[in-house]
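Asker: I'd like to go over a predicted model; first the sequence, then the structure.
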Amino acid sequence: MLKRLVAALGVMLLMSGSVQALPMDGVTLRISMGPQLAPISFIQEDFTHPHGLDVDIMDELSKRLGFKLYEDRYFILDRATSIEFLKADKLDIISGGLSATEERRQIMDFSDVYYRTGLGFLYCRSFHEKLSLSEANGLKIAVTRNSPAQAYLSSLAGGKFELVPIANLTLGFFMVASGQVDAIVHDFPPISYFAKTMPALNLAVSPELFSLENGRIALGWSKDFKWKDEFNRGLQSLVRDGTMTKLIVKWIRNNGKVPQA
């Protein structure tokens, strides 16, 4: 009897319009996240379900829009591989701290920018008491290959410092800590987060932010992606109701801890 009442109530709600379908119900998407960009996107014990600001944003968008993840997982890919997958139609969305640069706009489109940062400069106090990019003459500076940081510093170098291209950010951190390079330049949030959470390495980040045009964080998708309007409306709703601010405070200011009321 109870089951019949519940079923009848469900039918009545559907007929009255009280239960509304979400705009992307039934849609399945292949979405990538980066593995080493804490606090934006990073893996711990589970390789298919990462953590970070962009993960929480995407999970919230899934609730509001109704889409599901392909195979109930994120694709954990470095930036170069995720771009190649997108170009080959093996991926629908790139997330995980993607900078909306003009160079990348030639091969993809972006969502609205939902977080703004810039490049930062990380060094080790075991070798330099204080250091910044303006004081980097004659030094070795690591940058991840084909990154906005590499493009920006290549335009400035002019023989002032030596660029050392590296495969990934984690390698760069330990090259700085061991003195193999003097510094690394990368997006500010990941290098700041690492310095705070690994105090034994005696790392520090210069307070200056630079190349702000390379710090516009957005979602990336193909030029013909059909759900761009829905995603932009979803991002706007996160901003309007304060969810975006709460997530940024949680991950960027509080190192992943939920703010206390």
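Answerer: Good, I have the coordinates.

Asker: phi, psi of residue 29?
Answerer: phi -130, psi 150 (degrees, to the nearest 10).

Asker: ok, now which ones touch the nearest residue to it once chain neighbours are set aside?
Answerer: Nearest non-adjacent residue to residue 29, counting by C-beta to C-beta, 6 or more residues apart in numbering: residue 92, 4.4 Å away. Any C-beta I mention is one placed from the backbone N, CA and C, and that applies to glycine too. Listed by C-beta atoms under 8 Å, 6 or more residues apart in numbering, the contact set of residue 92 reads 29-31, 221-222, 225.

Asker: and of those, the nearest to residue 202?
Answerer: residue 31 (36.5 Å; C-beta to C-beta).

Asker: how near is that closest one to residue 163?
Answerer: 32 Å (C-beta to C-beta, to the nearest Å).

Asker: okay, these two: which has more neighbours?
Answerer: Legend: neighbour count by other C-beta atoms under 10 Å for residue 31 and residue 163, higher for residue 31 (24 against 17).

Asker: that one contacts residue 90, doesn't it?
Answerer: No: Residue 31 is not in contact with residue 90 according to C-beta atoms under 8 Å; the separation is 11.8 Å.

Asker: just to revisit the earlier point, which of the contacts of residue 92 sit farthest apart?
Answerer: 31 and 222 (13.0 Å).

Asker: what's the domain layout of this protein?
Answerer: Here the domain parsing of the chain from automatic domain parsing is 26-116+215-253, 119-213.

Asker: now the weakest link among those, please, by mean pLDDT.
Answerer: Note on the domains of the chain: lowest mean pLDDT is at domain 119-213, with a mean of 91.

Asker: contacts only, for residue 68.
Answerer: Residue 68 makes contact with 27-29, 62 under the criterion C-beta under 8 Å, 6+ apart.

Asker: which among the residues you listed count as buried?
Answerer: Neighbour-count burial (16 or more other C-beta atoms under 10 Å) is assigned, among those, to 27, 29, 62.

Asker: contacting residues for the last one?
Answerer: With C-beta under 8 Å, 6+ apart as the criterion, the residues that contact residue 62 are 68-69.

Asker: how near is it to residue 113?
Answerer: Distance, residue 62 to residue 113, using C-beta to C-beta: 20 Å.

Asker: before we move on, what about the second one?
Answerer: Separation of residue 29 from residue 113 (C-beta to C-beta) stands at 20 Å.

Asker: which stretches in the stretch 51-200 of the chain count as strands?
Answerer: Remark: strands assigned in the stretch 51-200 of the chain by DSSP state E, counting those that start in this stretch are 68-69, 75-76, 93-94, 109-110, 115-116, 119-124, 140-144, 162-166, 183-187.

Asker: so who does the residue nearest in space to the middle of the chain touch?
Answerer: With distances taken as C-alpha atoms, centre = their mean, residue 97 lies nearest the centre of the chain, 2.0 Å away. Residue 97 sits next to 34, 37, 40-41, 54, 187, 189-190, 217 when contact means C-beta under 8 Å, 6+ apart.

Asker: if we go to 10 Å?
Answerer: By C-beta atoms under 10 Å, 6 or more residues apart in numbering, the contact list for residue 97 reads 33-34, 37-42, 52-54, 79, 115, 117, 186-187, 189-190, 215, 217-218.

Asker: then residue 209?
Answerer: By C-beta under 10 Å, 6+ apart, residue 209 lies in contact with 116-121, 188, 215.

Asker: and the residues you listed, which are buried?
Answerer: For the contacts of residue 209, a burial check counting by 16+ other C-beta under 10 Å picks out 117-121, 188, 215.

Asker: want to throw the residues you listed into CSV with distance to residue 66?
Answerer: CSV is the format used below for those (distance: C-beta to C-beta, whole Å):
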residue, distance to residue 66
117, 30
118, 34
119, 36
120, 37
121, 42
188, 34
215, 31
